[in-house]
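Asks: Predicted model and sequence below, questions to follow.
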Amino acid sequence: MTIPQLTAPTIFLVSIAIAAVLIYVPYLAVFYGRLQVGYDIAAPRALFDKLPPYAQRATWAHQNSFEAFPIFAAAALMAYITGQNSQLAIASAIAFVIARLLYSVFYIANIPLGRSLMFGIGSVCSGILFVSSILSANSALLP
């Protein structure tokens, strides 16, 4: 069986979709923590202080994922629109998704150094996509 080769535009779009799904992965730990302490539907946010520490960290990972996603989505869409097909841009889109998955895992597992490293890698990946797209757009405008 042959695995189909994904084109760069497809990788950028799929990475955005996967990154969107990854926003909710930490929430699975929050859900489990809520089940452990009992869920009060009348005051769901008041429950936070009662959650086990891993579920509190999962909440923070979930919230940070909402903050990181728009930046990456904008960068990946710029790469898509400017027709990026460099190995660096493709690797950056893939690395962002992997870094964000590991970010949540490290955050929930309380491994601050790993979490910080993954945050940095994800940020650099978004930056690479922005810079490569801007350089590509600029060179397209030059005579």
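Replies: Looks like it arrived, so ask away.

Asks: Tell me where this protein has helices.
Replies: Secondary structure of the chain, counting by DSSP state H: helices at 8-22, 25-37, 53-81, 87-108, 112-141.

Asks: right, and those - which one's nearest residue 43?
Replies: In terms of CB to CB, the element of those nearest to residue 43 is helix 25-37, at 12.0 Å. (Each C-beta comes from the backbone N, C-alpha and C, glycine too.)

Asks: just how off-centre is that closest one within its chain?
Replies: Averaged C-alpha coordinates place helix 25-37 at 19 Å from its chain's average position (CA atoms, centre = their mean, to the nearest Å).

Asks: Check which helices and strands it is in contact with.
Replies: When contacts are defined as 3 or more CB pairs under 8 Å, 6 or more residues apart in numbering; DSSP states H and E, helix 25-37 packs onto helix 53-81, helix 87-108.

Asks: Flag the shaky bits of the chain, pLDDT-wise.
Replies: 1-3, 44, 140-143 (pLDDT under 70).

Asks: Of the helices of the chain, flag the one that's most buried.
Replies: The highest average neighbour count among these, using mean count of other CB atoms under 10 Å, belongs to helix 87-108 at a mean of 21.

Asks: counting contacts, what elements does that one pack onto?
Replies: On a contact count with 3+ CB pairs under 8 Å, 6+ apart, helix 87-108 meets helix 8-22, helix 25-37, helix 53-81, helix 112-141.

Asks: Need the contact partners of it.
Replies: Applying CB atoms under 8 Å, 6 or more residues apart in numbering, the external contacts of helix 87-108 come out as 8, 11-12, 15, 18-19, 22, 25-26, 29, 54, 57-58, 60-62, 64-65, 68, 72, 76, 79, 84, 112, 114-115, 117-119, 121-122, 124-126, 128-129, 132-133.
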